[in-house]
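Student: One predicted model, sequence on top.
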Amino acid sequence: MVGACVALAMAGPASAQSSASGPIKVGLIFPLSGGAGPQGQHIVQAVQAMGALINAKGGVLGRPIEIVARDDESTPAIGVSRANELISAGASVIIEGWNSPVTLAMQPVINRAGVLDITAISKADPILSGEGNPLAIRLNSSNSQDGAVIADYIANTAKAKRVAFLVENDAYGNGALASIEAELKKLNYSYEKVAEEKFPFTQADFRVALTNVRAANPDLTVAINANEGLGMPALIRQAKQSRVPGQLVTAVGTIAPSVIQVAGDAANGLIGADIYFPDVEPFASLPQNKEFVAKTQEMYKYTPDKYMALGAAALEVWAIAANEVKSLDKEAVAKRIRGGSFKDTIFGTATFQPNGQLDSKHYLFTVEDQKIVVRPGVN
Amino acid sequence: MAPALRLALIVAIAAAGLFAPALLGGTGAVYSAAVLIAIFAVMAYGLDMIVSDLGEVSLAHTVFFAIGAYAAAMLATRLGLGPVATLLGAIILAVVAAAILGVVTLRLKEFVFSLVTYAVAVVAMTVAANWEFLGGSDGLRGIPPFTLAPLGLRAETDAQLWPVAYGLLLVTLYLMHAFRRSRLGQAAVMVHLNPRLATMSGIDPKRTRLQIFLLSAPVTAAAGWLYAYQRSFVSADLLETYFLILMLTSVVLVGRRLLLGPLIGVALVQIQEKFFSFGGYVDKIVLGSVLVVVLAFLPGGLVGLGRSLVALGRRRGESVAGSMPDVRTVKD
């Protein structure tokens, strides 16, 4: 019976192998269920919108692209199963990655199958180490890039001497803190760490921590909290209520428009940084970005956020590279992308480092009247 | 059946199993599924000894699975050891961990035993996710392909790894068969079903429990060892409930104390997940419901259900036959 089941199951994927003339299969693996499910589904929608734009312009190598999305359930073992599934279905490229462990588990499998693997979001540094995939490519900014931006602001713009940190106590929060401190050290900047308060990801009441921070009388407080639904808005409101002195600065990528909406007036005056905003300059006037935002709004009634833009840019860059090298071959396309530069993407000119990391331009912003206002000068 | 004929038949079936993935199409997905079914079945057999034979539910077997995987990953990447040495390391570490856990839980039974083993799994998960020495939340990467130079074996793909996984499965099946026929296996069942009789028969229940723990842990750890090579990435996710639920479901689904039970259980769950998936939410609901239904209503598993149905059918057949003797006579 088991054998019959497998035989039956295999009849599908085997016959679905993409032929030389049919559509080119692009595999997506993101969490589509569970806590990160909504974000993953949004990314798939953004890639679908980008796919529609590419197909309207003649597709890739004259063939239309077909997007096949799979749910990794934020579980590495399931991600690996889904990767095998897409490989068997004949995917020419797999765009993946919300959770770093899932990406790290899938990398060797996709690499050994000779399929190109592009990581959209997962941030862990080892993704680019070459151990799992010597031809790794990643679009989201790394922890160290993010740390450098905040460190630069502390040292060169705010020139703060007394610095406090409010840190989510897990791999992400501690990694982000370590990278900011390392970058400050690199700048040879002397400052005093007057407070360091740690809290779990799920925490929503920061009053005790904020009382300690206020007592330390900082010039500047850095908040590292990836819980955008609950923790970050609560932290911003309570910091205002507690009258914490000095400037409140948030870690890169932790202030979504929804955070500002929930935090209300308390968000005004906040400093943050990010790599993409759908409707703020310089993105607002880029034709490719305008087209992408309009298409996503038309198809899904939703304005794309940074994560969605990263997913769409992954497909966009791959399509440009494949059309240029006139091949779907993993090695040829990866070599064009790694260390290469692409004009006219939704991120403007996209340049990749030789290790596959997209060079991000970080834009510092302040929140004014509950709106993100990008500060002049790019980091 | 004559013993010689029986043995020949078993050897023939075992040999044929090696070619099963090739006969089922031989694609990458089939070999991947086959390798994972073999590895996860071995993982489940370790737990099977505790659940089916000893009658306790250990929720700490993911820890032994992770110990096997971490041992393979660390010894291979940091000391450059080959698979034989890493297997040895995995077994030794698992036995040490099982001895500690076994001694601590020696007096605990049923609910308390399960709770304590669960606590151990939670602690292990936190340690693995946060201790840099074990790779922290990024895990351990760069595990080299499974290579046995004397045999000319270098497994880059699942198809090449399949003979190793199948071999490990056969060894485990033989071990389970021998265990159940051994004095220890019989003592386990007696301790499980009638501890007083066991004590009166001169069996030390605590000693038996500890021995079974020491035998069961390396089996599950061996699965973790091969899984590390198969995935070439090891992280704290091995301690997640995914593997625990997979193990428990596979052990109880088909029926307890059946040699092929866990293998068929794993195969059914994996084939559903890989080839007949209904998406994340529905898959979890299906798996959870199956576990609830089997535990609550089918203590004998699918085989028990089948037996009941057959018995019911027979009884009906008999009563029908009994009520219509004339018809039979006429027909005859």
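Tutor: Perfect, I can see it now.
Student: which stretches of chain A have low pLDDT?
Tutor: Low-confidence segments of chain A (pLDDT under 70): A:1-20, A:171, A:377-379.
Student: Report the residue ranges of every domain in it.
Tutor: A:12-141+A:285-351, A:143-274 (automatic domain parsing).
Student: how about the residues of the stretch 1-150 of chain B that lie near chain A?
Tutor: Residues of the stretch 1-150 of chain B lying close to chain A by CB under 8 Å from any CB of the partner chain are B:20, B:23-25, B:27-30, B:32-33, B:36, B:129-130, B:136-139, B:141-142. Just so you know, the C-beta spots here come from the backbone N, C-alpha and C atoms, and that holds for glycine as well.
Student: first to last residue in stretch A:253-266, what's the distance?
Tutor: 18 Å (CA to CA, to the nearest Å).
Student: scratch that, stretch A:185-199
Tutor: Stretch A:185-199: ends 25 Å apart by CA to CA.
Student: Now that stretch: buried residues?
Tutor: Of all the residues in stretch A:185-199, those buried under the rule 16 or more other CB atoms under 10 Å in any protein chain shown are A:189, A:191, A:194-199.
Student: just stretch A:361-378 next, same as before
Tutor: Buried, per 16+ other CB under 10 Å, within stretch A:361-378: A:361-367, A:372, A:374.
Student: Next: stretch B:119-133.
Tutor: Neighbour count says stretch B:119-133 has B:120-121, B:124-125, B:128-129 buried, by 16+ other CB under 10 Å.
Student: The nearest residue to B:Thr157 once chain neighbours are set aside: how many residues sit nearby?
Tutor: Once flanking residues are discounted, B:Thr157 sits nearest to A:Arg112: 6.2 Å by CB to CB, 6 or more residues apart in numbering or on different chains. Close neighbours of A:Arg112, defined as other CB atoms under 10 Å in any protein chain shown, add up to 17.
Student: repeat for the one 4 residues further on
Tutor: Close neighbours of A:Leu116, defined as other CB under 10 Å, add up to 25.
Student: wait, what's in contact with it?
Tutor: The contact partners of A:Leu116, taken as CB atoms under 8 Å, 6 or more residues apart in numbering or on different chains, are A:92-94, A:135, A:137, A:318, A:330, A:333-334.
Student: ok, back up a step: spatially, which two of the buried residues of stretch A:185-199 are the most separated?
Tutor: For these, the maximum inter-member distance is 26.1 Å, found between A:Tyr189 and A:Phe199 (CB to CB).
Student: ok, now which ones touch B:Ile203?
Tutor: Counted by CB under 8 Å, 6+ apart, B:Ile203 has contacts B:187, B:190-191.
Student: give me the element the residue positioned nearest the centre of chain A is part of.
Tutor: Closest residue to the average C-alpha location of chain A: A:Ile121 at 3.5 Å, with CA atoms, centre = their mean. Counting by DSSP states H and E, no helix or strand carries A:Ile121.
Student: I'd assumed A:Met308 was in contact with it.
Tutor: No: the pair A:Ile121 / A:Met308 is not scored as a contact, 10.1 Å apart, by CB atoms under 8 Å.
Student: Mutual contacts of those two, please.
Tutor: Common neighbours of A:Ile121 and A:Met308 (CB under 8 Å, 6+ apart) are A:Ile43.
Student: How is chain B divided into domains?
Tutor: According to automatic domain parsing, the domains of chain B span B:26-286, B:300-332.
Student: rank the ones you listed by mean pLDDT and give me the bottom one.
Tutor: Looking at these, the lowest mean pLDDT belongs to domain B:300-332 (a mean of 65).
Student: what about the closest residue to A:Ile275 other than its chain neighbours, which helix or strand?
Tutor: Leaving aside its chain neighbours, A:Ile275 sits nearest to A:Ser360 (4.3 Å; criterion: CB to CB, 6+ apart). A:Ser360 is part of no helix or strand when elements are defined by DSSP H and E.
Student: next one: A:Thr296
Tutor: Using DSSP H and E, the element containing A:Thr296 is helix A:287-300.
Student: Next, the buried residues of that helix.
Tutor: A:288-289, A:292-293, A:295-296, A:300.
Student: which strands and helices sit next to the helix or strand hosting B:Leu75?
Tutor: Element membership for B:Leu75, per DSSP H and E: helix B:61-78. Judged by 3 or more CB pairs under 8 Å, 6 or more residues apart in numbering or on different chains; DSSP states H and E, helix B:61-78 is in contact with helix B:28-48, helix B:83-104, helix B:110-130, strand B:140-141, helix B:205-231, strand B:233-234, helix B:241-253.
Student: could the ones you listed go into CSV alongside distance to B:Leu9?
Tutor: CSV is the format used below for the helices and strands packed on helix B:61-78 (distance: least, CB to CB, whole Å):
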stretch, distance to B:Leu9
helix B:28-48, 21
helix B:83-104, 30
helix B:110-130, 39
strand B:140-141, 43
helix B:205-231, 25
strand B:233-234, 39
helix B:241-253, 26
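Student: just so I know, which of those lies nearest A:Pro108?
Tutor: strand B:233-234 (6.1 Å).
Student: related to what we said a few turns ago, nearest to A:Gly173 among the contacts of B:Ile203?
Tutor: B:Val191 (48.1 Å).
Student: How many residues are close by that closest one?
Tutor: 23.
Student: what's next to the helix or strand hosting it, contact-wise?
Tutor: In this assignment (DSSP H and E), B:Val191 forms part of helix B:183-193. With CB under 8 Å, 6+ apart as the test, helix B:183-193 has contacts from B:49, B:53-55, B:179, B:197-198, B:201, B:203, B:205, B:208-209, B:211-212, B:215, B:257.
Student: can we see that at 6 Å?
Tutor: B:53-55, B:179, B:198, B:203, B:205, B:208, B:211-212 (CB atoms under 6 Å, 6 or more residues apart in numbering or on different chains).
Student: I'd like the distance between A:His42 and B:Ile143.
Tutor: Distance, A:His42 to B:Ile143, by CB to CB, to the nearest Å: 34 Å.
Student: Pick out whichever of the two has more residues nearby.
Tutor: Using other CB under 10 Å as the criterion, A:His42 and B:Ile143 rank with B:Ile143 on top: 24 against 19.
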